[in-house]
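Peer 1: Okay, structure incoming, though there's no sequence with it:
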């Protein structure tokens with residue numbers, strides 16, 4: 001079946017493979033880039049958050065919130081109950097009323113102080129005794145007592161003697177008696193009795209209670225007792241309103257009422273109440289915004305695509321290989337840092353080119369190369385040129401004139417690899433005569449792997465291991481008349497040759513186990529006229545990744 005498909009040309013077209021490969025690489029690069037994108041990072045953050053137990057719990061909490069089940073509602077109801085309680089209603093009415101203001105103005109005033117002072121005095125036992133006093137006459141005075149004492153002293157023998165001496169004119173003798181106590185007292189009382197003060201007192205009218213200061217105090221007290229302010233003050237002081245006020249003032253009940261009233265007037269409470277009564281509160285939450293953002297991202301084309309392909313086997317071929325060498329030939333000349341234009345050993349040992357004894361051509365340094373439109377070509381053409389030939393039977397190198405020239409390039413100095421995928425997009429040209437080849441070599445003659453070569457009008461795949469007989473296969477020469485992608489897949493246990501991803505040949509024995517390098521060369525199997533060329537669009541080598 002495989003041979004039939006090859007013979008019928010039913011393998012995938014080169015352009016289709018390249019388009020699919022490029023599309024796959026482009027998509028894979030997009031995948032890698034997107035995997036590091038902020039959009040995916042944000043989606044993963046939201047995915048973890050929105051689907052978390054914490055998020056679901058918070059969402060349910062917001063959706064099931066009720067004002068009636070809230071602390072705010074309980075505080076509002078508590079305030080309403082307190083605000084309607086009779087004692088608090090009376091308390092605030094009293095506190096804020098004009099009577100309380102007037103009461104406080106009177107409380108501690110001079111008028112109240114005087115009234116209470118008078119009341120205390122008037123109601124005292126001493127004051128009541130004073131009210132019962134008898135009228136006070138001259139005979140009840142101290143002056144009267146002195147008058148009586150004075151009259152009594154007149155009968156004193158010393159006083160009589162004194163007065164007798166005065167009547168006889170014996171003044172000097174009388175003066176000598178002045179030092180006697182009774183006489184001295186007598187003389188003092190006599191002087192007092194003859195004073196205006198005494199005479200005024202002797203002639204006094206009787207003094208009653210109405211003539212006392214206490215009577216005046218009683219009248220002042222009575223007047224104050226009938227004063228409207230005094231009546232109001234003591235009536236309010238004994239009122240149930242003030243009693244209620246004093247009982248509640250500074251109490252926990254009043255404090256709690258004030259605390260709740262103040263709280264209910266805060267923006268915090270009002271906003272919280274409005275929030276709890278809002279049936280669309282979840283739609284206004286940050287959680288809802290995150291959920292909507294998540295749902296939007298979840299449906300985005302890039303996210304849908306990413307999760308569809310990220311764990312698929314679509315990119316396995318790319319994931320399991322790593323590009324280790326490439327040349328797209330998009331420079332103006334051959335990159336000689338990558339390529340030698342000579343046999344590796346010729347460059348290393350001779351520092352010049354050589355051909356084999358059986359070759360009809362010699363290799364030039366660059367005359368048979370051309371680069372244009374990202375295509376590198378090696379031409380084989382009729383041209384006389386002298387070169388060296390290697391023939392071990394004759395002891396080494398000799399000079400020879402050739403009728404043909406061609407070109408060779410290899411990576412012997414710049415790149416070698418053991419195992420991997422070796423690919424090139426090549427147009428071989430399978431005309432009879434020219435021999436164009438894409439092959440791998442190591443340091444010795446073998447192993448030698450022809451990924452593809454032309455010969456006898458066909459395309460060949462060869463494997464030479466350790467000088468033993470070659471393993472090979474060939475396909476139709478038509479595969480050399482256009483660009484095809486030739487691939488060698490080399491693992492530890494097999495070699496697989498492919499053309500346009502279609503398997504052509506497999507080798508499972510004597511598998512090379514040493515690094516090999518890439519070669520492209522032109523040449524001849526037999527004489528030809530004119531020229532022929534092999535064109536190379538690109539070369540790529542990958543190493544397998546586990």
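Peer 2: Everything's here; your move. Just so we're clear, the structure is a prediction, and the values are computed from it rather than from any experiment.
Peer 1: the helices in the stretch 1-150 of the chain, which residues?
Peer 2: Ranges of helices in the stretch 1-150 of the chain, per DSSP state H, counting those that start in this stretch, are 2-8, 14-35, 38-50, 53-64, 71-84, 86-96, 98-106, 110-122, 125-131, 142-153.
Peer 1: Of those helices, which is nearest residue 534?
Peer 2: helix 14-35 (15.5 Å; C-beta to C-beta). The way it works is simple: take the backbone N, C-alpha and C, and place the C-beta from them, glycine included.
Peer 1: So which elements touch that closest one?
Peer 2: helix 301-309, helix 316-319, strand 484-490 (3 or more C-beta pairs under 8 Å, 6 or more residues apart in numbering; DSSP states H and E).
Peer 1: ranking those by mean pLDDT, which is last?
Peer 2: With a mean of 92, helix 316-319 has the lowest mean pLDDT of these.
Peer 1: Name the residues that touch it?
Peer 2: 24-25, 28, 545 (C-beta atoms under 8 Å, 6 or more residues apart in numbering).
Peer 1: Now with 6 Å, please.
Peer 2: residue 28 (C-beta atoms under 6 Å, 6 or more residues apart in numbering).
Peer 1: Going along the chain from it, find the next helix or strand for me.
Peer 2: strand 321-327 (DSSP states H and E).
Peer 1: still on that earlier bit, and the helices of the stretch 1-150 of the chain as a markdown table, adding mean pLDDT and distance to residue 470?
Peer 2: Below are those laid out as a markdown table (pLDDT from 0 to 100; distance: least, C-beta to C-beta, whole Å):
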| stretch | mean pLDDT | distance to residue 470 |
| --- | --- | --- |
| helix 2-8 | 70 | 20 |
| helix 14-35 | 94 | 27 |
| helix 38-50 | 96 | 52 |
| helix 53-64 | 95 | 68 |
| helix 71-84 | 95 | 92 |
| helix 86-96 | 95 | 114 |
| helix 98-106 | 94 | 124 |
| helix 110-122 | 92 | 136 |
| helix 125-131 | 87 | 153 |
| helix 142-153 | 84 | 170 |
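Peer 1: Of all the helices and strands packed on helix 14-35, which one is nearest residue 450?
Peer 2: Using C-beta to C-beta, these put strand 484-490 closest to residue 450, at 9.2 Å.
Peer 1: Report the inter-axis angle for whichever helix or strand comes after the closest one versus strand 484-490.
Peer 2: The C-terminal neighbour of strand 484-490 among helices and strands, as given by DSSP H and E, is strand 495-499. Computed with axes from the mean of the first three to the mean of the last three C-alpha atoms, to 10 degrees, the direction of strand 495-499 lies at 170 degrees from that of strand 484-490.
Peer 1: and strand 495-499, how far from the chain's centre?
Peer 2: 55 Å (C-alpha atoms, centre = their mean, to the nearest Å).
Peer 1: Also stretch 170-185?
Peer 2: The chain centre lies 120 Å from the centre of stretch 170-185; the measure is C-alpha atoms, centre = their mean.
Peer 1: What is the end-to-end distance of it?
Peer 2: Between the start and the finish of stretch 170-185 there is a gap of 21 Å, counting by C-alpha to C-alpha, to the nearest Å.
Peer 1: Give me the contact list for that stretch.
Peer 2: 156, 158-159, 162, 165-166.
Peer 1: Nearest residue to residue 367 in space, ignoring adjacent ones along the chain?
Peer 2: In space, and not counting its chain neighbours, residue 367 is closest to residue 405: 6.6 Å by C-beta to C-beta, 6 or more residues apart in numbering.
Peer 1: Can you tell me the SS state at that neighbour?
Peer 2: Under the three-state scheme (DSSP: H, G, I helix; E, B strand; the rest coil), residue 405 adopts strand.
Peer 1: Tell me if I'm right that it and residue 385 touch.
Peer 2: Yes. The criterion here is C-beta atoms under 6 Å, and residue 405 meets it with residue 385 at 5.2 Å.
Peer 1: Between these two, which contacts overlap?
Peer 2: Joint contacts of residue 405 and residue 385 (C-beta under 6 Å, 6+ apart) are residue 362.
Peer 1: Can you say which of the helices and strands packed on helix 14-35 is packed in most?
Peer 2: Comparing these by mean neighbour count (mean count of other C-beta atoms under 10 Å), strand 484-490 comes out on top with a mean of 22.
Peer 1: so what does that strand touch, helix or strand wise?
Peer 2: helix 14-35, strand 420-427, strand 448-455, strand 495-499 (3 or more C-beta pairs under 6 Å, 6 or more residues apart in numbering; DSSP states H and E).
Peer 1: circling back to that earlier point, export the helices and strands packed on helix 14-35 as JSON lines, with columns for distance to residue 96.
Peer 2: Conversion of the helices and strands packed on helix 14-35 to JSON lines gives the following (distance: least, C-beta to C-beta, whole Å):
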{"stretch": "helix 301-309", "distance to residue 96": "66"}
{"stretch": "helix 316-319", "distance to residue 96": "84"}
{"stretch": "strand 484-490", "distance to residue 96": "99"}
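Peer 1: pLDDT below threshold where in this structure?
Peer 2: 1-3, 468 (pLDDT under 70).
Peer 1: need the contact list for the residue lying farthest from the centre of it.
Peer 2: Going by C-alpha atoms, centre = their mean, the residue of the chain most distant from its centre is residue 168, 132.6 Å out. Contacts for residue 168 (C-beta under 6 Å, 6+ apart) come out as none.
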